[in-house]
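# Below is the sequence, then the predicted model.
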Amino acid sequence: MTQAYDFDAPIERRGTRSIKWSLDEKTGVWHDPPAPLGQAPHEAELLPMWLADMDLAAAPPILEALRNRIDHGVFGYTGLDDEFYDSINDWAQRRHGWSIDHDWVTTNTGVMPAINLLIQTFTESDDGVLVQSPVFHPISQAIEYNGRTLLDNALVYDGTRYNMDLDDLATKASLASTKMMVLCSPHNPVGRVWQPQELRAVADICAANDILLISDEIHGDLTYAWSNFVSIGSLIEHHDRLVVCTSPSKAFNLPGLKLSLTIIPDARIRDAYLLTLRNQNEIFGANLLGTTALTAAYQHGEPWLEALIDHLAGNVKYVHEFLVSRLPHLRLVRPDALYLLWIDCRGLKKSDAELDAQLRKAGVWLERGSTYGAAGEGFLRMTVATPRKMVEVAMERMARGLAT
Ligand SMILES: Cc1ncc(COP(=O)(O)O)c(C=O)c1O
């Protein structure tokens, strides 16, 4: 238990339409009749540690705000007011040193829907869009499913840490067909928080080549004490080519409330995006409960978030120490941010399919590294936004599954 918040309380999620707990991605089958009475979640037959959401309740001020809003009883079309915009600006200024004008902010149902609309609005068929693999796969899919060309500025792994290859970025950015870059900052799945000089270099390359830079900062608030996240918006002058996509949904565990922010400082870019959003997609108003939760999170959620990050840091330490003592062929890539751990399993010399099969047989489900691109082969991604006990059980099962 950390301070006033109990992040170790087991919460039953089976039977709550949780995708992480109930949907088998491979078969597409929902597999959870309500848990047998007395069976704790961490005793589940297959422990799901794959999807990026937390097995933890939201912060008390968020729950209170949602309860009050529900008690009102009327759930009509919802607009945005000064309190909403101010909560975003105050949070961004206090935590990330960035002042965000009310005008710059639009909402969407998620960061991925926004990235899809941005791709559709600002690029054409076959245009090149840059990413840095291994990367959160819906970003690569959004590029390919929209008929654009995926340009991979692959990250370089030195056995401990991932870095950008800026020379390769400059080369690919200079192609006439390259129109956009989607930067993952902090980076999912490798856990890097980019340093100001790295962000400036990326922004300079994009500006020099007239490339629209989309910075996906959804994990920015989940940065550990040993690192320091900086929003690219606070650093650069090229606001005419920048869109920042973010949401409190990761840090405050609200992804089911379907609300994200698309921050577009440049009026021309913003108008073009809004045309797609409103005129083509008929999006009218914002998600009522999502906006309620966002305001409560940004106004009153900070102490909870600080305590959560301490809890997550404890889970990271536990996994690191477990690997060193019990699974020495595996190596945790030390995260600067994210509750998603990126584990180098190449020392086992097994394919991702073999790793996955062995782990599932032992009762634990992690995400295969190759999901994030070929460079992820031999890695696993593990969610540790859970009570400690669940991490302990998962690690024991992992040790059992990978013993042979
Ligand atoms: C980097 C990144 N971007 C976007 C998303 C998805 O965001 P949303 O659910 O708001 O579409 C995730 C979810 O894990 C993510 O890790």
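Right, received. Where do you want to start? This one's a predicted model, so the numbers in the text were calculated from it and none came from an experiment.
# For the rest of this, base every contact and every neighbour count on C-alpha atoms.
Noted.
# Just the helices from the stretch 301-404 of the chain, written as ranges.
For the stretch 301-404 of the chain, applying DSSP state H, counting those that start in this stretch gives helices covering 302-326, 352-362, 388-401.
# helices or strands up against the second one?
In this structure, helix 352-362 makes packing contacts with helix 388-401, judged by 3 or more C-alpha pairs under 8 Å, 6 or more residues apart in numbering; DSSP states H and E.
# where are the low-confidence patches of the stretch 151-300 of the chain?
Filtered on pLDDT under 70, the stretch 151-300 of the chain yields the residue ranges 238.
# dump the residue contacts of the residue of it found nearest the ligand.
Residue nearest to the ligand within the stretch 151-300 of the chain: Asn188 (5.2 Å; C-alpha to the nearest ligand atom). Asn188 makes contacts with 135-136, 338, 340, as judged by C-alpha atoms under 8 Å, 6 or more residues apart in numbering.
# The same query, at a cut-off of 6 Å, please.
When contacts are counted by C-alpha atoms under 6 Å, 6 or more residues apart in numbering, Asn188 touches 135-136.
# got a list of what the residue lying closest to Glu124 once chain neighbours are set aside touches?
Among residues not flanking Glu124 along the chain, Arg148 sits closest, at 7.0 Å (C-alpha to C-alpha, 6 or more residues apart in numbering). For Arg148, the contacting residues are 125-127, by C-alpha under 6 Å, 6+ apart.
# Check Gly79 too.
Gly285.
# for it, helix, strand, or coil?
Secondary structure, DSSP: H, G, I helix; E, B strand; the rest coil: Gly79 is coil.
# Can you check what pLDDT the model gives it?
If you check Gly79, the pLDDT there is 94.
# Can I take it that Ala154 is in a strand?
No - Ala154 is assigned coil when assessed by three-state DSSP, not a strand.
# who are the neighbours in contact with it?
When the contact criterion is C-alpha under 6 Å, 6+ apart, the partners of Ala154 are 132-133.
# rerun at 8 Å
131-134, 164-165.
# Number of residues surrounding Val190?
Using other C-alpha atoms under 10 Å, Val190 has 28 other residues around it.
# do Ser99 as well
15.
# same deal with the one 3 residues further on?
Neighbour count for His102, taken as other C-alpha under 10 Å: 17.
# check contacts around the closest residue to the ligand within the chain.
Closest to the ligand within the chain is Gly110: 3.2 Å, counting by C-alpha to the nearest ligand atom. Neighbouring residues of Gly110 by C-alpha under 8 Å, 6+ apart: 247, 258-261.
# re earlier: check pLDDT for the contacts of Arg148 and point me to the minimum.
Taking the contacts of Arg148 together, the minimum pLDDT is found at Asp126 (93).
# coming back round to it: among the contacts of Ala154, name the buried ones.
131-134, 164 (16 or more other C-alpha atoms under 10 Å).
# Can I get those residues in JSON lines including secondary structure and distance to the ligand?
Shown next, in JSON lines, are these (DSSP: H, G, I helix; E, B strand; the rest coil; distance: C-alpha to the nearest ligand atom, whole Å):
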{"residue": "Val131", "secondary structure": "strand", "distance to the ligand": "12"}
{"residue": "Gln132", "secondary structure": "coil", "distance to the ligand": "12"}
{"residue": "Ser133", "secondary structure": "coil", "distance to the ligand": "12"}
{"residue": "Pro134", "secondary structure": "coil", "distance to the ligand": "11"}
{"residue": "Met164", "secondary structure": "coil", "distance to the ligand": "17"}
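# Give me the pLDDT value at His329.
The model's pLDDT for His329 equals 95.
# The closest residue to it other than its chain neighbours and Leu330, how far apart?
Residue nearest to His329 in three dimensions, not counting chain neighbours: Gly347, with 5.1 Å by C-alpha to C-alpha, 6+ apart. Relative to Leu330, Gly347 is positioned 6 Å away (C-alpha to C-alpha, to the nearest Å).
# ok so, going back, tell me the confidence at the residue of the chain closest to the ligand?
Reported pLDDT for Gly110: 96.
# Name the residues that touch the longest strand anywhere in the chain?
Longest strand in the chain by number of residues, with DSSP state E as the criterion: strand 178-184. Identification of contacts with strand 178-184 by C-alpha under 8 Å, 6+ apart yields 119, 122-123, 127-132, 135, 139, 172, 206, 210-217.
# Narrow these to those that are buried.
Buried among the contacts of strand 178-184 by 16+ other C-alpha under 10 Å: 119, 123, 127-132, 135, 139, 172, 206, 210-217.
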